[in-house]
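Enquirer: Turn this into a model:
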Amino acid sequence: MRIIIALAVFIISEANLFAQKKLVPVTQSALTGITLPAGSKKDSRFLSVAAAETLLEMQTSQSNTKLSATEVLVLPAQSSVGFNNDSLAKRLSDLGWHMNVIAEDKKYAWLQKGTRYVISYFSMDARETALYLAEATAIPIQQDQVNKPLSNQTSSTSNILTNQPVNPDANRGNENNIVNSEILGTWGATASDQSSFRVKNGVMNYIMRQYTFNANGTYRFISKAYDPLMDKILLGKEEGTYQVSGNNVSVYPKISVLEAWSKKDNRDEWGKLLTSQNITLENVTYQFTRYYLSGIKVTSLVLQAGKATQRDGPFTSNSSFSNAWYYNPISANNTAIKLPGE
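Expert: Residues are numbered from 1 along each chain as shown. Modelled structure (predicted):
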């Protein structure tokens, strides 16, 4: 694969040497809308576009999606205009794009804005900077969402939601049912800080949140916060009862604690319990919806409330639902929180 990538880069480099006059000056990326540094050019030549498509398609071959509208941009070298990874990340963020750097090769990243996904390749060398972009035609399946979510403090389960509810509940009209088959089971979500410092230095933190709704009307909520810059791992545990009325679910916690644990051998593993403190109980009524994510074939539980809660954290930044959090069923791709002693 490295040989193919090297060949593709070579083709583009050689094409640039022989036909610089055919490059068209641009000030803005057509796909993302970001402004580009002075002296940037768009390369629409067949060989250049084909080579860029090869690079991007190889990176997305396992993402269950296809690419379209490939954009090849040639930017001045960082030494002449100062445009670098941080510059790109800031301009994308200013326009509402969320960047998910791909762990295996940090020159690649998935960009998300609303229901759009764009794959990017960004490479700087002494002569020029290459920026290749292509739009995904379907939701990409990403393998690294636990550690590299798409946005600052954004749930890793917040993919594109279709407007087709799955299996409408026959009991939806039965008021005051304690249980409801639509919310039974365990649901989890992961969020992370995707700041430029953490991305640039590979220092990634995360917080996992997990609900378990039982058929007997009880629930359990667990949260785990890990940060390589902290010497502790935080574990939140809450238990109580819940009640369903129509498409609303009310939770009534009976006990809620926050524990601090040491890191075993300074790794992401539970060490010893250091402290434990009680947390103020928070009764909340959520509006819930189950929606099918057709791209990854997962039914998500969407919870909405009038304001952010301490339990769920900040709202997910997704335009499909306002004031909402997105939880996916626990599976091989969405693992459950492992508690101390397990």
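
Enquirer: Now do the contacts for T309.
Expert: By C-beta atoms under 8 Å, 6 or more residues apart in numbering, the contact list for T309 reads E282, V284. To be clear about C-beta, it is placed using only N, CA and C from the backbone, and glycine gets the same treatment.

Enquirer: partners of it in the sheet?
Expert: G313 (DSSP bridges).

Enquirer: List the buried residues for the helix or strand hosting R91?
Expert: Assessed by DSSP states H and E, R91 sits inside helix 85-94. By 16 or more other C-beta atoms under 10 Å, the buried positions in helix 85-94 come out as N85, S87, L88, A89, R91, L92, S93.

Enquirer: For stretch 52-69, the averaged confidence score.
Expert: Mean pLDDT, computed over stretch 52-69, is 81.

Enquirer: Just the terminal-to-terminal distance for that stretch.
Expert: 11 Å (C-alpha to C-alpha, to the nearest Å).

Enquirer: what about that stretch, distance to the chain center?
Expert: On the basis of C-alpha atoms, centre = their mean, to the nearest Å, stretch 52-69 sits 19 Å off its chain's mean C-alpha point.

Enquirer: residues in contact with the nearest residue to R209 once chain neighbours are set aside?
Expert: Distances taken as C-beta to C-beta, 6 or more residues apart in numbering place S223 nearest to R209, at 4.9 Å, with adjacent residues excluded. The contact partners of S223, by C-beta under 8 Å, 6+ apart, come to I207, M208, R209, Q210, L234, L235, G236, R311, I337.

Enquirer: Let's see which of those end up in strands.
Expert: I207, M208, R209, Q210, L234, L235, G236 (DSSP state E).

Enquirer: Show me the two of those residues that sit farthest apart.
Expert: Q210 and L234 (14.0 Å; C-beta to C-beta).

Enquirer: Any chance of the buried residues of helix 85-94 in TSV with distance to I102 as columns?
Expert: Shown next, in TSV, are the buried residues of helix 85-94 (distance: C-beta to C-beta, whole Å):
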residue	distance to I102
N85	13
S87	19
L88	15
A89	14
R91	19
L92	15
S93	18
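
Enquirer: quick one, which of Q210 and L234 is more surrounded?
Expert: More neighbours surround Q210 than the other of Q210 and L234, with 21 against 16 (other C-beta atoms under 10 Å).

Enquirer: so what's the more buried one up against?
Expert: Applying C-beta under 8 Å, 6+ apart to Q210 gives the contacts T186, W187, G188, A189, F221, I222, S223, I330, A336, I337.

Enquirer: And the residues you listed, which is the shakiest by pLDDT?
Expert: Within these, pLDDT reaches its minimum at I330, with 86.

Enquirer: surely that one meets A336?
Expert: Yes. Between I330 and A336 there is a contact under C-beta atoms under 8 Å: 4.8 Å.

Enquirer: Would you agree V249 falls within a helix?
Expert: No. Counting by DSSP: H, G, I helix; E, B strand; the rest coil, V249 falls outside a helix, being strand.

Enquirer: What part of this structure, helix or strand, is modelled with the least confidence?
Expert: helix 2-18 (a mean of 46; mean pLDDT, DSSP states H and E).

Enquirer: any common contacting residues for I330 and A336?
Expert: With C-beta under 8 Å, 6+ apart as the test, I330 and A336 both reach T186, G188, Q210.

Enquirer: Could you export the buried residues of helix 85-94 as JSON lines, including distance to M230 and pLDDT?
Expert: JSON lines is the format used below for the buried residues of helix 85-94 (distance: C-beta to C-beta, whole Å; pLDDT from 0 to 100):
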{"residue": "N85", "distance to M230": "25", "pLDDT": "89"}
{"residue": "S87", "distance to M230": "29", "pLDDT": "90"}
{"residue": "L88", "distance to M230": "29", "pLDDT": "93"}
{"residue": "A89", "distance to M230": "24", "pLDDT": "90"}
{"residue": "R91", "distance to M230": "31", "pLDDT": "93"}
{"residue": "L92", "distance to M230": "28", "pLDDT": "93"}
{"residue": "S93", "distance to M230": "25", "pLDDT": "89"}
